[in-house]
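Engineer: Give me coordinates for this.
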Amino acid sequence: MLPRVNPFLKIALICAMLSASLIGCMDSTHDFKIRFNDIHGLRKGDPVYFEESAIGDVEKVEYTDAGVFLVSVSIQEEFDSAATDASKFYIDTDPQKRAQKVIRVVQLGKEGTPIEKDTVVDGHTKYAVLYDQFAYQLGQNLTILESGINEFLRAFQGFSTDEQIEELEKQLDDIMADLGHMSRKMKDKIENEILPLLRQKIEELRKQLEGTGQEEDLGPIDQKMHAINQELDV
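Structural biologist: This is a model prediction of the structure:
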């Protein structure tokens with residue numbers, strides 16, 4: 001005859017099984033591999049960072065016959081949106097422990113397709129990623145600048161004459177305030193694409209004001225355009 005199982009023990013076993021199952025769910029991770037030419041001392045257990053947050057760990061580092069390193073990483077499931085095809089990975093020094101390394105994740109763009117489990121993706125050098133990040137941000141700034149000017153020009157015809165003068169001054173003031181922080185590429189965009197559009201609108205407005213006695217109201221705008229051109233020539 002089989003021994004009778006104590007009902008309290010049975011309940012305890014069921015609870016333990018449920019707890020183990022829940023812990024397994026909580027510890028769910030997003031695992032894949034990153035290919036690096038050099039790991040700079042990276043080791044198993046080193047953290048993976050996205051911005052200032054640790055989002056995972058290095059699970060394994062192996063050297064392949066092809067002469068590259070494959071680094072297996074495990075990302076906590078709640079952070080798997082940081083690991084997409086819009087992400088770049090590089091090895092950096094841990095700011096908290098100088099002798100330790102970390103893998104940093106940088107996203108170029110807000111959208112991306114999640115990296116599939118066990119996929120191998122390319123890692124990059126720190127400076128290559130930082131350059132890509134700068135180029136992306138520069139492109140975003142140019143897009144925002146151009147979008148803002150186009151929106152302004154679309155609304156321009158609906159303004160009264162006084163409002164047109166006021167809005168033109170505001171646009172020129174904004175450009176002047178930002179010139180000192182602009183890259184050469186952005187300055188070229190201003191000089192060769194944005195200013196010609198604004199100059200065209202100024203001349204159209206000047207023709208509207210002929211004979212009205214308001215031509216002098218464009219004096220401050222002409223001065224701002226001159227100041228911008230001088231700054232761009234430096």
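Engineer: what's near enough to touch the spatially most central residue of the chain?
Structural biologist: Centroid-nearest residue in the chain: L108, 4.7 Å away (criterion: C-alpha atoms, centre = their mean). Applying C-beta atoms under 8 Å, 6 or more residues apart in numbering, one finds that L108 lies in contact with A86, S87, K88, D132, Q133, Y136. Placement of C-beta: from N, CA and C, glycine included.
Engineer: Give me the spatial nearest neighbour of R199, chain neighbours excluded.
Structural biologist: In this structure, R199 finds its nearest non-sequential neighbour in M225, 7.0 Å apart by C-beta to C-beta, 6 or more residues apart in numbering.
Engineer: mean confidence score for the helix or strand hosting that neighbour?
Structural biologist: Under DSSP states H and E, the secondary-structure element containing M225 is helix 219-233. Rounded to a whole number, the mean pLDDT of helix 219-233 is 90.
Engineer: Which positions within that helix qualify as buried?
Structural biologist: By 16 or more other C-beta atoms under 10 Å, the buried positions in helix 219-233 come out as I221, K224, M225, I228, E231, L232.
Engineer: Using PDB, list the CA coordinates for that helix.
Structural biologist: Backbone C-alpha positions of helix 219-233 (Å, rounded to 0.1, in the frame of the first residue of the first chain) are rendered in PDB as follows:
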ATOM      1  CA  GLY A 219      14.600  97.900 -42.200                       C
ATOM      2  CA  PRO A 220      15.100  95.700 -39.100                       C
ATOM      3  CA  ILE A 221      14.500  92.600 -41.300                       C
ATOM      4  CA  ASP A 222      17.200  93.700 -43.800                       C
ATOM      5  CA  GLN A 223      19.600  94.400 -40.900                       C
ATOM      6  CA  LYS A 224      19.000  90.900 -39.500                       C
ATOM      7  CA  MET A 225      19.500  89.300 -42.900                       C
ATOM      8  CA  HIS A 226      22.800  91.200 -43.300                       C
ATOM      9  CA  ALA A 227      24.000  90.100 -39.900                       C
ATOM     10  CA  ILE A 228      23.200  86.400 -40.700                       C
ATOM     11  CA  ASN A 229      25.100  86.600 -44.000                       C
ATOM     12  CA  GLN A 230      28.100  88.100 -42.200                       C
ATOM     13  CA  GLU A 231      28.100  85.300 -39.600                       C
ATOM     14  CA  LEU A 232      27.800  82.700 -42.300                       C
ATOM     15  CA  ASP A 233      30.800  84.200 -44.100                       C
END
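Engineer: Check which strands are paired with the longest strand anywhere in the chain and give the direction for each one.
Structural biologist: Counting residues, the longest strand found in the chain (DSSP state E) is strand 53-63. Partner strands for strand 53-63, per DSSP bridges, with pairing direction: strand 47-50 (antiparallel), strand 69-76 (antiparallel).
Engineer: what's the average pLDDT for it?
Structural biologist: Rounded to a whole number, the mean pLDDT of strand 53-63 is 94.
Engineer: Tell me which stretches of the chain form helices.
Structural biologist: If DSSP state H is used as the criterion, the helices of the chain fall at 7-26, 126-156, 161-179, 184-189, 195-209, 219-233.
Engineer: Not counting its own residues, what contacts the shortest one?
Structural biologist: So the one you mean is helix 184-189. Contacts of helix 184-189 with the rest of the structure, by C-beta under 8 Å, 6+ apart, involve L138, N141, L142, L145, E146, L179, L232.
Engineer: Emit the PyMOL select command for whichever of these are buried.
Structural biologist: Applied in PyMOL, the following selects the buried portion of those according to 16+ other C-beta under 10 Å:
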select buried, resi 141+142+145+179+232
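Engineer: Closest one to Q171 out of the contacts of helix 184-189, please.
Structural biologist: Checking the contacts of helix 184-189 against Q171 with C-beta to C-beta, the nearest one is L145 at 10.9 Å.
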